[in-house]
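Q: Test case, fold it:
(chains A and B)
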Amino acid sequence: MNTPQRPTHGQPIVEMRKLNKHFGSLHVLKEIDLSVTPGEVVVVIGASGSGKSTLIRCINGLEEFQSGMLDVDGNRLVPLGKSTKALQTIRTEVGMVFQQFNLFPHLSVLDNITLAPMKVRGQSRQEAEATAKRLLTRVGIADQAQKLPTQLSGGQQQRVALARALAMEPRLMLFDEPTSALDPEMIGEVLDAMRELAREGMTMVIVTHEMGFAREVADRVIYIHKGEITEQGPPEQLFDAPQHERTKSFLARVLKH
Amino acid sequence: MDVTFQFDWAAAFRSIPFLLPGIPWTLLISFGGLAIGFVIGIVFGLMRISRSRWLSIPALFYIEIFRGTPILVQVLFIFYGLPQLIDRPINALAAGIAAIAVNSGAYISEIVRGGVQSIERGQREASLSLGLSRSQAFTYVIWPQAFRRMIPALGNQGIISIKDTSLFSVIGVGELVRQGQIYIATTFTALEVYFMVAMLYLAITWTLSIVLRQLERRGLVGQ
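A: Residues are numbered from 1 along each chain as shown, chains lettered A, B, ... in the order given. Model (predicted):
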């Protein structure tokens, strides 16, 4: 395993040590060591079923793990989900964007974004709506605030989901295949919004199949195979000079088309 | 006098003033019972989904018992059986409301369970990922969506329960059927009176159907 050759910006915001995760008899994550420093953009690649989504879902506790240690911004998660308080804190500080958007279909775009700031952060409606409108402008859909999610295109919905996560002012953003459910012509607009976020210095952990995007935006790329981190490094190293046979054959398959 | 099978419209309409007082009773038993049944349904439906066996197994028992026995037996048990147990009489109206409550409660539990479980897992995950607590996720995200999906099934149950109250003529509550029976006992116009009784049930259930359709039309926007 390679040690990333990059400047760190202080204490890691995510620190994972010897993390193991099982689904029944299936060993999904094996002895995972991973640390993410503030401001870093980490892209996780790998075949479907390799455990890459499960890996990032452990970071905000959507999946529990059986052994190992996980520290997120000073909050310690222990195995088997027995850390309610820390989990709650982590989730307010870690935003997530999902493959299927998971917008709330019964709420308007604006209400989707203001719900958590009002209920969790205790913001006033006025305050939360001001933030929401600013974020909608930033992702380029200020004019859609009063619509219901289903009235929007997939790309617009995913940008609303991004704005919704950002409204909580997260210290870390997780992306679980954010463009995989999109029509090809809408992938660009979502990647653009993510690119801008990366430029602004947001710490991001991204699971994606968009290799071009990974190469351009990532500080570090992690290749995961059957629940193990096979190889990691800066994108130019991992894409242009992969060390492992498995990484080579994976890249050969995904970069061919 | 010849026996004729002529339908006597005049007799049918003459019975209306006598039947109408049954309607408030029918409505009181139906909607009183359904309101309590709805509360029971939410509680037991959610218990049924709970990961704790201490909650889910009692709920399962409740549902199986009250869904698996006839409502007529339930009301007879409450009205004639329970007083022997508690050594004091039970008012027929209360017995009727209680029977609708426990019976519809069992069915509504299953409606609630199905409704809540039909909401995609991603809705809960998105809520939790935003820092909402589990109860906030339920209150603001899961339940409003689940409730909209439950409306058609709840409407069905409402109509079924309204019609079930007709069985309570056996315990002497002055609801529609009972009023009809009393009237027929003196006039012998069974054909006309039961026809009118049926019409009055239809008037109630159609009204409910129309209200529900409106609710659904409004509620289903955004699904």
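Q: tell me the phi and psi of residue A:34?
A: Per-residue torsions, residue A:34: phi -150, psi 130 (degrees, to the nearest 10).
Q: Roughly how far does it sit from residue A:201?
A: Going from residue A:34 to residue A:201 by C-beta to C-beta, to the nearest Å gives 20 Å. From N, CA and C alone the C-beta is placed, and that goes for glycine too.
Q: Tell me which of these two has more neighbours.
A: residue A:34 (22 against 12; other C-beta atoms under 10 Å in any protein chain shown).
Q: Could I get the contacting residues of that one?
A: Residue A:34 makes contact with A:14, A:15, A:16, A:19, A:55, A:222, A:229, according to C-beta atoms under 8 Å, 6 or more residues apart in numbering or on different chains.
Q: Show me which helix runs longest in chain A.
A: Counting by DSSP state H, the longest helix found in chain A is helix A:184-199.
Q: do chain B as well
A: Chain B, longest helix under DSSP H: helix B:190-219.
Q: ok, it near chain A or not?
A: No. On the criterion C-beta under 8 Å from any C-beta of the partner chain, helix B:190-219 is out of touch with chain A, staying 8.9 Å away.
Q: Any buried residues in that helix, and which?
A: B:192-197, B:200-201, B:204-205, B:208, B:212, B:219 (16 or more other C-beta atoms under 10 Å in any protein chain shown).
Q: now the residues you listed in TSV, with pLDDT and distance to residue A:142?
A: Shown next, in TSV, are those (pLDDT from 0 to 100; distance: C-beta to C-beta, whole Å):
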residue	pLDDT	distance to residue A:142
B:192	94	67
B:193	95	66
B:194	95	64
B:195	96	63
B:196	95	61
B:197	96	60
B:200	96	56
B:201	96	54
B:204	96	50
B:205	96	48
B:208	94	43
B:212	89	38
B:219	66	28
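Q: Redo these as CSV? Include distance to residue B:142.
A: Formatted as CSV, these follow (distance: C-beta to C-beta, whole Å):
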residue, distance to residue B:142
B:192, 51
B:193, 48
B:194, 45
B:195, 46
B:196, 45
B:197, 42
B:200, 39
B:201, 36
B:204, 32
B:205, 30
B:208, 26
B:212, 22
B:219, 15
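Q: so which of those residues comes closest to chain A?
A: residue B:219 (8.9 Å; C-beta to the nearest C-beta).
Q: circling back: may I have the longest helix of chain A exported as CSV, CA atoms only?
A: C-alpha atoms of helix A:184-199 as CSV (Å, rounded to 0.1, in the frame of the first residue of the first chain):
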residue,chain,number,x,y,z
PRO,A,184,-25.5,11.1,-19.7
GLU,A,185,-26.3,14.7,-20.7
MET,A,186,-26.9,15.6,-17.0
ILE,A,187,-23.7,14.2,-15.6
GLY,A,188,-21.7,17.3,-16.5
GLU,A,189,-23.8,19.8,-14.5
VAL,A,190,-23.5,17.7,-11.3
LEU,A,191,-19.8,17.2,-11.7
ASP,A,192,-19.4,20.9,-12.3
ALA,A,193,-21.0,21.7,-9.0
MET,A,194,-18.8,19.2,-7.3
ARG,A,195,-15.7,20.6,-9.0
GLU,A,196,-16.6,24.0,-7.7
LEU,A,197,-17.0,22.7,-4.2
ALA,A,198,-13.6,21.0,-4.4
ARG,A,199,-12.1,24.3,-5.6
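Q: For the residue most central in space within chain B, which non-adjacent residue is spatially closest?
A: What sits nearest the mean C-alpha location of chain B, by C-alpha atoms, centre = their mean, is residue B:161, with 3.2 Å. Closest residue to residue B:161 apart from its sequence neighbours, by C-beta to C-beta, 6 or more residues apart in numbering or on different chains: residue B:104 at 4.8 Å.
Q: show me the contacts for that neighbour.
A: Residue B:104 sits next to B:33, B:34, B:37, B:38, B:41, B:157, B:160, B:161 when contact means C-beta under 8 Å, 6+ apart.
Q: Quick check: phi and psi at the last one.
A: Right, residue B:161. phi -70, psi -40.
Q: measure it to residue B:201 for me?
A: Here the criterion is C-beta to C-beta. By it, residue B:161 lies 12 Å from residue B:201.
Q: And the first one, by the same measure?
A: The span separating residue B:33 from residue B:201 equals 16 Å under the rule C-beta to C-beta.
Q: Please list all residues in contact with the spatially closest residue to residue B:8 that is not a sequence neighbour.
A: Excluding its sequence neighbours, the residue lying closest to residue B:8 (C-beta to C-beta, 6+ apart) is residue B:192, at 5.5 Å. Counting by C-beta under 8 Å, 6+ apart, residue B:192 makes contact with B:7, B:8, B:9, B:11, B:12, B:15.
Q: Give me the neighbour count for the closest residue in space to residue A:195 that isn't next to it in sequence.
A: Leaving aside its sequence neighbours, residue A:195 sits nearest to residue A:217 (C-beta to C-beta, 6+ apart; 5.9 Å). By other C-beta under 10 Å, 20 other residues sit near residue A:217.
Q: Quick check: residue A:217 touching residue A:43?
A: Yes. If you go by C-beta atoms under 8 Å, residue A:217 and residue A:43 touch, sitting 7.2 Å apart.
Q: list the residues that contact both of the two?
A: residue A:206.
Q: check which helix or strand covers the most centrally placed residue in chain A.
A: The centroid of chain A falls nearest to residue A:174 when counting by C-alpha atoms, centre = their mean (1.8 Å). Using DSSP states H and E, residue A:174 sits within strand A:172-176.
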